[in-house]
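Asker: One predicted model, sequence on top.
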Amino acid sequence: MTKQEIIDVIYHILEKKLELPTMAAFHEEARLNEDLYMDSIMVLQLILHLELDLGFKIPDEMLIPKEFRTVGSLASFLEEQQKETLLEESHD
């Protein structure tokens, strides 16, 4: 998945599954807390959907707040996690 595809998936989850009322403020540089008004529970719900619905593997020790500051930083983090998972699977 490309970074843009991941951003699109995040948008879909926030709009359709979490029904976030602040979607008008959604863009790549939107801050999850300050612009989209997501609290820590909502961020965890988003991560849960990404893991269960899309198969992203996000270890608990990787849940670092700076990685989830903006939509773009979250998408970049997920893109890297995806690459690492593919590398691990190809070495097995």
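Answerer: Yep, that arrived.
Asker: same for the longest helix anywhere in the chain, what does it pack against?
Answerer: Using DSSP state H, we find that the single longest helix of the chain is helix 71-91. In terms of contacts (3 or more Cβ pairs under 8 Å, 6 or more residues apart in numbering; DSSP states H and E), helix 71-91 is packed against helix 3-12. C-beta here means a position set from N, CA and C on the backbone, and glycine is covered the same way.
Asker: Wait, Ile13 touches His49, no?
Answerer: Yes: using Cβ atoms under 8 Å, Ile13 is in contact with His49, at 4.7 Å.
Asker: Pass me the low-pLDDT residue ranges in the protein, would you?
Answerer: 91-92 (pLDDT under 70).
Asker: So Met38 sits against Arg31, correct?
Answerer: No: counting by Cβ under 8 Å, Met38 does not reach Arg31; the two are 9.0 Å apart.
Asker: Skip the chain neighbours and tell me the closest residue to Gln82.
Answerer: Met1 (6.2 Å; Cβ to Cβ, 6 or more residues apart in numbering).
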